[in-house]
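In: Whatever this is, show me its structure:
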Amino acid sequence: MHRNIGRPLNLIIVAISLSLATLAPKPIALAGPPGATGKWSFTGHLNTARSGHTATLLPSGQVLVVGGVNETVRPKNVVIPLLLKSAELYDPASGTWSLTGSLNTARQFHTATLLPDGKVLVAGGGDSNFNVIGSAELYDPTSGTWSFTGSLNTARLFHTATLLPDGKVLVAGGQSLVGNDEDNVFDPTSAELYDPATGTWTITGNLHSGRYAHTATLLQNGKVLVAGGAALDAADPVSSSELYDPNTGVWSVTGGLNTGRSGYTATILPDGSVLSVGGIGLMSVTVTAELYNAAAGTWTYTGSLTERTSHTATLLVNGQVLVAGGTETGDDFFPPLAGSEIYDPGAGAWRQTGSLNTDRRGHTATLLQNGNVLVAGGISAGRILGKSSGFITNFLGSSELYDPNAPGSGPAPRINSVIHQRKELIVVGEDFDDGAVILLKDVEQATENYTQYPENVLIGNMAGRKIKPGDKIQVRNSTGELSPEFTFGAGVGSDN
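Out: Numbers count the residues shown, from 1 in each chain. This is a model prediction of the structure:
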């Protein structure tokens, strides 16, 4: 239900002024130039909201999501991390998630690797007691169950795992603890090989530099490129890179990144070069991207993009790279990014594409067999719990599909503030079209555009009677574009 209204509302004008004067510039959230393609749409909802999980494409075309973390709130607003054992399967045919067998050990920041026999190897990670995990488990898609396999020689999290051409798995770097003492953390230089035939791990050559939150990429020549990351004994992000030769089991130093970075992505392109994107650079999140030339062993800058870390990067079927979400600051108090960008290797440049419907960081992105991209889970902006100092993170259970060939659309609406005035709910923001409606906890509300500011103000005539602090609000345009979720009572201009 929708109509335009023109009655004077001084409170609305005040709210608009407040929003425009106090809010930081919004993240880039445009769909790109006229004629651009690519659009996100919601798909099935995870059974459990999560971040710090993994997502693996199975030979069946389904996607396996494993583990991660959520939170629970105890009395007196005490927030407790909730580590997850659960695993879920996404079926692209039905667009739905279903539970499958649970892990034997709950974990986050682990790795998941699809083995040649179709099983999935999960290794390492962290548990709810701040311990680092050394165990590994195998998922059998036929039975939908997990079983323990050989344990790592060194427990670790924030490591990398790479499937080698011979079917073995190389694990490198990460963080570990001495005697599970949380005050005695170190960066292992060790690397290990998992042999699926024996179910055991063996030590291989050591890295030259210990590192975590780095990347590892299998090159076309069969070697593995490890680059960047962070180190406990270094104030700045790591810029060095190393190559692992599976034939010799030895690491060698190769050209270093021009900008040291951690929490970034690395994607191998069809021509064999490796694209590194964003991450935390020196003192701030970086806008830069670099290309590694495997033949020359050097990194060179390429086109820059919106600064971001904790994002995803996915190689599309057409050879371009889709980067989605992330954060410009890494601060829980600031909303993550909804904007997405496409890198064109031929032009060495980025363009904007459709924005996520929900801003998120710490999510996963998986290329499906039909060429679409599935994004699942992650974190949106958190909120203060009432008058306490407790802070709860907004873990996401929503999932979205990116269709690279869908016609480009206009900008998604965005909520800047919400005012509760008697029976009315006044939503102030940007890019509301004629016919936009307010959604309160996913339920459509009777909505009117304010005539003086139709693109900036919506009125929910009776929604004020229904809303409570902590409720989720969105705006849906007549074209179907959704705003990121807004938590009532947690944003600028909210009244609880």
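In: centroid residue for this protein?
Out: Geometric centre of the chain, nearest residue: residue 363, 2.6 Å, by C-alpha atoms, centre = their mean.
In: For that residue, give its distance to residue 225.
Out: The gap separating residue 363 from residue 225 is 24 Å, by C-beta to C-beta, to the nearest Å. Every C-beta, even on glycine, is put in place using the N, C-alpha and C of the backbone.
In: that older thread, report the spatially closest residue to the residue nearest to the centre of the chain, excluding sequence-adjacent ones.
Out: residue 378 (3.0 Å; C-beta to C-beta, 6 or more residues apart in numbering).
In: Also residue 219?
Out: Counting by C-beta to C-beta, 6+ apart, the residue nearest residue 219 is residue 294, at 5.2 Å.
In: What of residue 194?
Out: residue 169 (4.1 Å).
In: ok, how many other residues are close to the one you found?
Out: 21 (other C-beta atoms under 10 Å).
In: these two touch, right, it and residue 114?
Out: No. Residue 169 is beyond contact range of residue 114, at 9.9 Å (criterion: C-beta atoms under 8 Å).
In: Quick check: neighbours shared by those two?
Out: Both residue 169 and residue 114 are contacted by residue 163, under the criterion C-beta atoms under 8 Å, 6 or more residues apart in numbering.
In: which ones are touching residue 347?
Out: residue 303.
In: can you tell me how far residue 129 sits from residue 105?
Out: Looking at residue 129 against residue 105, where the rule is C-beta to C-beta, the gap reads 12 Å.
In: Compare neighbour counts for those two and give me the winner.
Out: Between residue 129 and residue 105, counted using other C-beta under 10 Å, residue 105 has the larger neighbour count: 18 against 9.
In: Work out for me the element that one sits within.
Out: For residue 105, there is no host helix or strand (DSSP states H and E).
In: how about it, what does it touch?
Out: 85, 127, 133, 135, 137.
In: I'd like the distance from stretch 162-173 to the chain centre, please.
Out: 24 Å (C-alpha atoms, centre = their mean, to the nearest Å).
In: what does it contact?
Out: 111, 113-116, 121, 123-124, 152, 156, 158-161, 187-189, 191-196, 201, 204, 207, 210-212, 214, 216-218, 222, 224, 226, 229, 244, 246.
In: what is residue 428 paired to in the beta sheet?
Out: residue 417, residue 457 (DSSP bridges).
In: right, I mislabeled it, should have said residue 108
Out: Going by DSSP bridges, residue 108 forms beta bridges with residue 126.
In: I figured it hits residue 66, correct?
Out: No. Under the criterion of C-beta under 8 Å, residue 108 makes no contact with residue 66, lying 10.0 Å away.
In: intersection of neighbour lists for the two?
Out: residue 53.
In: So those two - more neighbours on which side?
Out: Set residue 108 next to residue 66 and count neighbours by other C-beta under 10 Å: residue 66 wins out with 28 against 23.
In: of all the contacts of residue 105, which two lie farthest apart?
Out: 127 and 137 (13.4 Å; C-beta to C-beta).
In: For those two, work out which one has more neighbours and name it.
Out: Per other C-beta under 10 Å, whichever of residue 127 and residue 137 has more neighbours is residue 137, with 21 against 17.
In: what sits against residue 195?
Out: 168, 201, 202.
In: rerun that using 7 Å as the cut-off
Out: residue 168 (C-beta atoms under 7 Å, 6 or more residues apart in numbering).
In: distance of it from residue 270?
Out: Taken as C-beta to C-beta, the span from residue 195 to residue 270 is 30 Å.
In: What backbone torsions are found at residue 465?
Out: Main-chain torsions, residue 465, degrees, to the nearest 10: phi -70, psi -20.
In: Spatially nearest residue to it, not counting backbone neighbours?
Out: Residue 465 sits nearest to residue 423 (C-beta to C-beta, 6+ apart), 5.5 Å away.
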